[in-house]
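> sharing a sequence plus its predicted fold:
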Amino acid sequence: MTKTFSWIGQVLLYAMFAAVIGVFTRWPPYQHLPADHALIKLSFIHHGQRLQECQKLSPEELAKLPPNMRAPLSCPRERSPITVEVDIDGAVAFRQTAQPSGLSRDGAASVYQRIEVPAGTHRLDVRLRDSARTEGFDFERNEVLDLKPAQILVIDFNAEKGGITLQ
Amino acid sequence: MMRESVLAIWNYCERALDTLFGGALNPLRHLGALAFLFFWLLALSGVYLYAVLDTSVEGAYRSIEDLSRNQWWFGGLLRSLHRYAADAFVLVTGLHLVREWLLGHFRGFRRYSWLTGVPLLVFAYICGVGGFWLKWDQVGQFSAIATAEQLDWLPIFNSPFTRNFLSNEAVSDRLFSLFVFVHIGVSLLLLFLAWFHVQRISRAEMLPSRPLAIGASATLLLLALLVPVMSQGPADLSVAQGTIAIDWLLLFIHPLMYATSPGWVWALSAGALLLLFALPFATRSRRPLVARVDADNCSGCRQCFDDCPYAAITMLPHPDGKPGKEIALVHDDLCASCGICTGACPPSTPFRSAEPLTTGIDMPQMPIGALRERLEARLAALQSERRIVVFGCDCGARVSAMESSDVAAFSLLCTGMLPPSFIEYALRCGATGVVVTGCRESGCEFRLGNRWTDERLRGVRKPRLRSRVPRERLRVVWADRGDEDSLQAALCALRELPAPLVAAPIRRRRRGM
């Protein structure tokens, strides 16, 4: 009798172990994005303009340099930080200034942000400033978009394609 | 305080399962071995899955889905088994960690095992999550992006990792090489680290006993058959996942990150890891004295070397210079101060005429000679007609509670410290019965103490209890703290032994009989 109880107990325990695994591998369902929402992904990786302009060196200045380093232009390495602004339907949804990467601040600056918005028609204004030597934004894009539920809109930057891209 | 409360609940559960399974088959007493079993199940099923997996963006989903739909009876079954074994691995590893923490198994000589065990959690997590990316379905997409977003929080990547998942065109076949490395490469590192984890344990339990292994494997196989794992549609980076069924045991960290922030999750993970790493150093307890070797009495028989549960003894050439003769060397930092080596040492027999009794390897805090003196004195002091000796240990049932007018109780560092000849010696010195007790089966605080004692008393391990010792006058009770009732029952049984049996002298048995 005791052995029977022991067998039943063991079977129940193994069943419980299986139930814990079986249940928690799929339940409860996780709602990552509300059903009637779309997702905007803002992702930039971009080299800002040089923080200072290149300077032409005078012959005297060149003469002071070692012969192998006598380049006619002296270009400081440091890049400008990048400022990005996203307005959705006229309201600021995101604003960030990203610093250039690298110890000498001469690398690309990057920005990544998820913005969840209700599906439907939205006015999108994206602005990017990549030079600290000038005032205002260097790139701007304004669009009215119809976003479907679960749609992902990627805002990127590609200088060859004219700046801010939407895909 | 909290640890003690949880420990009480844990002990209750462990004992409840002892009644169902017995100590040898109780899963809670073999969590580490079960983790190894699930790892091997993962490895075996993984070999086949890797062989059929098309490691390309286009082919990954299709190859795994084909397996589940067109070869469900083998490939699909293995796929489900692979996933469930991963879940089971995480579950038992977590429980193993909790158990060792509750039992305080992170200090002193166990520090090394604890410190090498903590990184295994990180490796197990990386392997587990990496497996979801390889099948490249919606859950894989969700997990890969969530992981990328979490990694990008750290200022270590020049180009954000998330840019690899911005569009379907951005994902390349080369990325799958990284996925393969994360899943398989890190699994191999996990195994390598697990080898370190058990390095300072002799006879490490790398697999549970056969019935337990069969039971656990069959459970997962049955689950795989009844509830097969299926993919949730191919990954599509132009569409965001709404509601998805995720594996909470392996992917819990992603919802946690979206509910809080990547920085919060990093802080929580780093904090938890630091806490686990700091635990052995946070509590300082006085280190007990370790075993000491007496060169004059050590014959180099290697029995202590064989029986030490923590590989704390090595053998060196004996200083007396006799060719081939060895001497035991105790490594202080590895010694658990359990005294099992003293129980294994042949010169520990109390029948020797040496005064004081000294042995080859002894515990300074409880020398074997002092135990003989105390045994003789206590037996002489017992006035009752029936005189019973109880040998127990400091970690099992409280033997001191058994002390009475007819009972002399001795609590050793571990029951494995008891040389079996002490039982015969007690009977010859006037004891009418002897009770040997220690922690429950598979529950020895020093891993092997009760197992070695049991084998020595059954005569299958040296030093053996001689066959002339009447077994009717010996009771062996494996009992934890709180199980003192079973000790009382054994004492009652010995008190009620028939008088002729108790009075019979212990005679030398003739050879051949």
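Looks like it came in fine.
> show me where chain A has helices.
Using DSSP state H, the helices found in chain A span residues A:2-24, A:59-64.
> would TSV of those helices with mean neighbour count and distance to A:Asp130 be doable?
Glycine gets a C-beta too; all of them are placed from N, C-alpha and C. Below are the helices of chain A laid out as TSV (neighbours: other C-beta atoms under 10 Å in any protein chain shown; distance: least, C-beta to C-beta, whole Å):
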stretch	mean neighbour count	distance to A:Asp130
helix A:2-24	14	47
helix A:59-64	10	29
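> got a pLDDT number for residue 40?
With no chain named, the answer covers chain A. Note on A:Ile40: pLDDT of 96.
> that's the other chain; I wanted chain B
For B:Trp40, pLDDT reads 97.
> contact partners for it?
Going by C-beta atoms under 8 Å, 6 or more residues apart in numbering or on different chains, B:Trp40 touches B:Leu207.
> so which of the helices of chain A comes closest to chain B?
Of all these, it is helix A:2-24 that lies closest to chain B, at 3.7 Å by C-beta to the nearest C-beta.
> which secondary structure elements does that closest one sit against?
helix B:2-21, helix B:77-102, helix B:210-226, helix B:248-251 (3 or more C-beta pairs under 8 Å, 6 or more residues apart in numbering or on different chains; DSSP states H and E).
> can you give me the end-to-end distance of stretch B:294-307?
For stretch B:294-307, the first and last residues are 18 Å from each other (C-alpha to C-alpha, to the nearest Å).
> sorry, back to before: export the helices of chain A to CSV and tack on distance to B:Gly430 and mean pLDDT?
Below are the helices of chain A laid out as CSV (distance: least, C-beta to C-beta, whole Å; pLDDT from 0 to 100):
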stretch, distance to B:Gly430, mean pLDDT
helix A:2-24, 38, 93
helix A:59-64, 106, 90
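> right, and these - which one's nearest B:Trp195?
helix A:2-24 (26.7 Å; C-beta to C-beta).
> what is the burial count for A:Arg127?
A:Arg127 has 18 neighbours, counted by other C-beta atoms under 10 Å in any protein chain shown.
> surely it meets A:Asn142?
No: under the criterion of C-beta atoms under 8 Å, A:Arg127 makes no contact with A:Asn142, lying 9.2 Å away.
> ok, A:Thr121 - contacts?
Going by C-beta under 8 Å, 6+ apart, A:Thr121 touches A:Val144, A:Leu145, A:Asp146, A:Leu147.
> in strands, which of those residues fall?
Counting by DSSP state E, the contacts of A:Thr121 place A:Val144, A:Leu145, A:Asp146, A:Leu147 in strands.
> contact partners for the residue nearest to the first one when sequence neighbours are not counted?
Setting aside the residues directly before and after it, A:Val144 is nearest to A:Arg123 in space (C-beta to C-beta, 6 or more residues apart in numbering or on different chains), at 5.2 Å. Under the criterion of C-beta under 8 Å, 6+ apart, the contact partners of A:Arg123 comprise A:Asp87, A:Ile88, A:Asp89, A:Gly90, A:Asn142, A:Glu143, A:Val144.
> try 10 Å
Applying C-beta atoms under 10 Å, 6 or more residues apart in numbering or on different chains, we find A:Arg123 in contact with A:Asp87, A:Ile88, A:Asp89, A:Gly90, A:Ala91, A:Asn142, A:Glu143, A:Val144, A:Leu145.
> if I pick residue 106, what's in contact with it?
By default, I'm working from chain A. By C-beta under 10 Å, 6+ apart, A:Asp106 lies in contact with A:His47, A:Gly48, A:Arg50, A:Leu51, A:Pro76, A:Arg77, A:Glu78, A:Arg79, A:Pro100.
> the intended chain is chain B.
Counted by C-beta under 10 Å, 6+ apart, B:Phe106 has contacts B:97, B:100, B:113-115, B:117-118, B:276, B:279-283.
> just the buried ones from these?
B:Leu97, B:Glu100, B:Ser113, B:Trp114, B:Leu115, B:Gly117, B:Val118, B:Leu276, B:Leu279, B:Pro280 (16 or more other C-beta atoms under 10 Å in any protein chain shown).
> for those, give me TSV that also has secondary structure, distance to chain A and pLDDT.
TSV is the format used below for the buried ones among the contacts of B:Phe106 (DSSP: H, G, I helix; E, B strand; the rest coil; distance: C-beta to the nearest C-beta, whole Å; pLDDT from 0 to 100):
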residue	secondary structure	distance to chain A	pLDDT
B:Leu97	helix	17	97
B:Glu100	helix	20	96
B:Ser113	helix	25	95
B:Trp114	helix	26	96
B:Leu115	helix	29	96
B:Gly117	helix	22	97
B:Val118	helix	24	97
B:Leu276	helix	23	97
B:Leu279	helix	27	94
B:Pro280	helix	30	93
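> circling back to that earlier point, okay, the helices of chain A in a markdown table with distance to B:Gly449 next?
Output for the helices of chain A, formatted as a markdown table (distance: least, C-beta to C-beta, whole Å):
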| stretch | distance to B:Gly449 |
| --- | --- |
| helix A:2-24 | 26 |
| helix A:59-64 | 81 |
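> for B:Gly482, find the nearest of those helices.
Nearest of the helices of chain A (C-beta to C-beta): helix A:2-24, 20.7 Å.
> which residues of the stretch 51-200 of chain B fall in helices?
B:57-70, B:77-102, B:111-135, B:138-152, B:173-180, B:186-197 (DSSP state H, counting those that start in this stretch).
> so which of the contacts of A:Arg123 is the closest to chain B?
The closest of the contacts of A:Arg123, once distances to chain B are taken by C-beta to the nearest C-beta, is A:Leu145, at 14.3 Å.
> need the contact list for the closest one.
Per C-beta under 10 Å, 6+ apart, neighbours of A:Leu145: A:Ala38, A:Ile40, A:Ile88, A:Val117, A:Gly120, A:Thr121, A:His122, A:Arg123, A:Leu124, A:Gln151, A:Leu153, A:Leu166.
> one more time with 8 Å, if that's ok
Counting by C-beta under 8 Å, 6+ apart, the residues that A:Leu145 touches are A:Thr121, A:His122, A:Leu124, A:Leu153, A:Leu166.
> try B:Arg458
Here B:Arg458 is in contact with B:Leu465 (C-beta under 8 Å, 6+ apart).
> okay, it and chain A: tell me how far apart.
Counting by C-beta to the nearest C-beta, to the nearest Å, the gap from B:Arg458 to chain A is 23 Å.
> now B:Leu91
Distance from B:Leu91 to chain A, by C-beta to the nearest C-beta: 7 Å.
> pLDDT wise, what is that residue at?
The model's pLDDT for B:Leu91 equals 97.
> residues contacting A:Gly9?
Counting by C-beta under 8 Å, 6+ apart, the residues that A:Gly9 touches are B:Thr19, B:Leu20, B:Phe21.
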